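Participant: Model the structure of this input:
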Amino acid sequence: MGPTSSTTRATQVWLSRVLVVAVAFAAALGCASIAGLESLEVASADASSAGGSAGDSASSTESGDSPSTGGHDASSGGAGGAAGTAGSSGSATGGASGTAGTAGAGGAAGSAGVAGSAGNQGCSGTSVCVPPPDGQWSNWSVGTFAPFVMSSCVLQPGVVTKYYDASNEPDAPPAQCSCGCAAPKGDCTSNVKCSPTTGCGMMIDVGAVSSACATYNAGMGVGACIAMPPTVQATCVMTPIKSVPQSGWITNASTCMTAPDTLPTCDGDGRCVAAATGGAQGPCISAKGDVPCPAAKEWGTRFLVYEGVGDTRDCDSSSCVCQPFAALCSCDNGCAIEVASGSCGGTVLDELKPDGSCTQLTITLPPQVGVVLQGANMPPNGQCAAAGESKAVGQVAGTTPVTVCCKP
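Facilitator: Purely as a prediction, here's the structure:
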């Protein structure tokens, strides 16, 4: 082989080594591929392979490398491509996970993007989408609840309704009861007996004479009479003594509710409800009656309130009685039985002193006279004695219950 062949062979080996160094340098810079160098590398590898099979040992010795070593360097593969980029995250309104990144030439595939967080499902601002409740909640309202009386509905249409909170019932003491009797009522009377003669030996019972006029048939005439001191047989009306303390239960809760069809729709048949503020709770739903909250866990906080309060505290005095009152009547201003001609209102013929003494009449009585007791009065501070027991009954309780269920 001539000098020209040896020179060509050395040139090929030198180019092969230069290509290997260039490819390694490109890989260090992160390049996926270098088109020009890659084609040269392939050409060099082909030339090295041809030279290895046609060259002699002397040429190999001159170059300082065996043909097989030169062919291996020239045919080394390019560096692996960079890893693919990560997929993008899902949207904030509840999008699905992002797709995985595309694999680089020889590199690993990028990781999948993280799923986006759930959004407000079509409600604007801070409003929350409230699904319709089930079960006994066919006739429901939606809004907010507060353990105090709200002054107005701020963030959504509705009406503030005041309630009595069942969890804050007051300690309402029972009624204080006892038996009692009203002032006695009766008329003073004087029993009168008369004799047809002037003596008081043979007396005939005339009857009780009171302040109400009565007529008497004198018959054969009257000569003397005896009038007994006036007395009273009074009765009393039973009047229970009752004292009912204040219950102290006032409106101490409120809701701001509205019909669902007045609010924007969301997520199918749901409704957008404004978030609660200022110590109120919500979103909440309410329905008439004392009913359980819907089965869904999202309605886990339950309140029972009342539209009104019924106070039935009273006294059962059915066993109370009043004893009759009996006493002498008062004759402080003088008592007398007037005897009038014919009937009361006629000419006064005589008077009888109701003191139990025998009084001789100084006149001859006509066949009929009117008699009336004057000046007798009920004794002061007269009172019937009360007997029996008056028992406390009834209680303070809420009326017209309303159930409120809120998201915890």
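
Participant: So which helix or strand of this structure has the lowest pLDDT on average?
Facilitator: Counting by mean pLDDT, DSSP states H and E, the chain has its least confident helix or strand at helix 57-63, which shows a mean of 32.

Participant: who's in contact with stretch 262-276?
Facilitator: Residues outside stretch 262-276 that contact it (Cβ atoms under 8 Å, 6 or more residues apart in numbering): 120-132, 142-146, 155-157, 260, 282-284. In this view, the C-beta of every residue, glycine as well, is placed from N, C-alpha and C.

Participant: now those: which count as buried?
Facilitator: Neighbour counting over those (16 or more other Cβ atoms under 10 Å) leaves 120-121, 123, 127-131, 142-146, 155-156, 260, 282-284 as the buried ones.

Participant: Which stretches in the stretch 301-408 of the chain count as strands?
Facilitator: With DSSP state E, counting those that start in this stretch as the criterion, the stretch 301-408 of the chain has strands at 301-311, 314-316, 321-322, 325-328, 336-341, 348-352, 358-360, 368-374, 386-387, 391-393, 396-406.

Participant: could I get the ones you listed as JSON lines with distance to W249 and mean neighbour count?
Facilitator: Output for the strands of the stretch 301-408 of the chain, formatted as JSON lines (distance: least, Cβ to Cβ, whole Å; neighbours: other Cβ atoms under 10 Å):
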{"stretch": "strand 301-311", "distance to W249": "6", "mean neighbour count": "17"}
{"stretch": "strand 314-316", "distance to W249": "17", "mean neighbour count": "18"}
{"stretch": "strand 321-322", "distance to W249": "36", "mean neighbour count": "18"}
{"stretch": "strand 325-328", "distance to W249": "43", "mean neighbour count": "15"}
{"stretch": "strand 336-341", "distance to W249": "63", "mean neighbour count": "20"}
{"stretch": "strand 348-352", "distance to W249": "66", "mean neighbour count": "17"}
{"stretch": "strand 358-360", "distance to W249": "71", "mean neighbour count": "15"}
{"stretch": "strand 368-374", "distance to W249": "57", "mean neighbour count": "20"}
{"stretch": "strand 386-387", "distance to W249": "33", "mean neighbour count": "16"}
{"stretch": "strand 391-393", "distance to W249": "18", "mean neighbour count": "14"}
{"stretch": "strand 396-406", "distance to W249": "6", "mean neighbour count": "20"}
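
Participant: closest one to C213 among those strands?
Facilitator: strand 368-374 (4.7 Å; Cβ to Cβ).

Participant: what's the closest one packed up against?
Facilitator: strand 188-195, strand 204-210, strand 214-217, strand 336-341 (3 or more Cβ pairs under 8 Å, 6 or more residues apart in numbering; DSSP states H and E).

Participant: Let me see the contact set for the nearest residue in space to P229 that is not next to it in sequence.
Facilitator: Leaving aside its sequence neighbours, P229 sits nearest to P354 (Cβ to Cβ, 6 or more residues apart in numbering; 5.7 Å). Applying Cβ under 8 Å, 6+ apart to P354 gives the contacts S190, A227, M228, P229, P230, C331, C335, A336, I337, L373, A376.

Participant: Write a PyMOL command that selects only the buried members of those residues.
Facilitator: Burial among the contacts of P354 is assessed by 16+ other Cβ under 10 Å; the matching PyMOL selection reads:
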select buried, resi 190+227+228+229+230+331+335+336+337+373+376
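
Participant: re earlier: for G248, which of the helices and strands packed on strand 368-374 is the nearest?
Facilitator: So among the helices and strands packed on strand 368-374, strand 188-195 is nearest, using Cβ to Cβ, at 50.0 Å.
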